[in-house]
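Student: this is a predicted model, with the sequence first.
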Amino acid sequence: MTPVATLLMLVALTGGCRKDDYVEVPGVCPVVESTNPANGATSVPLNQVVTATFNEEMNPATITQSSFTLTGGLKSGVPVQGTLTYNNTNATLSFVPSSPLAQNTTYTGTVKSSVKDLKGNALQTNYVWTFSTGVILSLTVVSTDPANTSTFKL
């Protein structure tokens, strides 16, 4: 390894996950590994518990009502009210809406970069994903005029 590469690796490892000098080092910074519903999911049940699973155990004190938002519905800019919990056994944040989600609505979930792991490393950016309680319908032809297989007669 060249001296420059060694120096860069040392700076990345000792610099942690601060936003101003961020260099991604796998295994150092926390990330959201998966969500339920998944990004882009459709036909999500109206009683869905929304979850985000991290790649490592997080500091429960940083997972607060202000560190996660779910927006959508009639008041798209206003967060959905609900209860937020964190399970350190499976590193999963869970959000239970106070009332059922609205039908045929797109929601946006955001885990904020204020969430930190046990070492004090924060998410590098807000983690944002969307899902819909509606069904994306494909157009289907039900009839044609003239009918399929008709022939033209003079």
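Tutor: Cool, the structure landed. What you see is a predicted model; the values in this text were computed from it and never measured.
Student: what's the pLDDT at Val28?
Tutor: For Val28, the pLDDT comes out at 73.
Student: so it, which of the three states?
Tutor: coil (DSSP: H, G, I helix; E, B strand; the rest coil).
Student: residues near it, how many?
Tutor: 16 (other C-beta atoms under 10 Å). (Glycine included, C-beta is placed from N, CA and C.)
Student: backbone phi and psi for Gln65, please?
Tutor: The phi and psi values for Gln65, taken as degrees, to the nearest 10, are phi -60, psi -30.
Student: need the contact list for the nearest residue to it once chain neighbours are set aside.
Tutor: In this structure, Gln65 finds its nearest non-sequential neighbour in Leu84, 5.6 Å apart by C-beta to C-beta, 6 or more residues apart in numbering. Contact analysis of Leu84 by C-beta atoms under 8 Å, 6 or more residues apart in numbering lists 63-65, 67-68, 93-95.
Student: quick check: Leu84 vs Ser66, distance?
Tutor: For Leu84, the distance to Ser66 (C-beta to C-beta, to the nearest Å) stands at 9 Å.
Student: for Ser94, same thing?
Tutor: 16 Å.
Student: these two - which one has more neighbours?
Tutor: Neighbours per residue (other C-beta under 10 Å) separate Ser94 from Ser66, with Ser94 holding more: 19 against 10.
Student: my guess is the more buried one contacts Gly82, does it?
Tutor: No - with contact defined as C-beta atoms under 8 Å, Ser94 does not reach Gly82; the gap is 9.7 Å.
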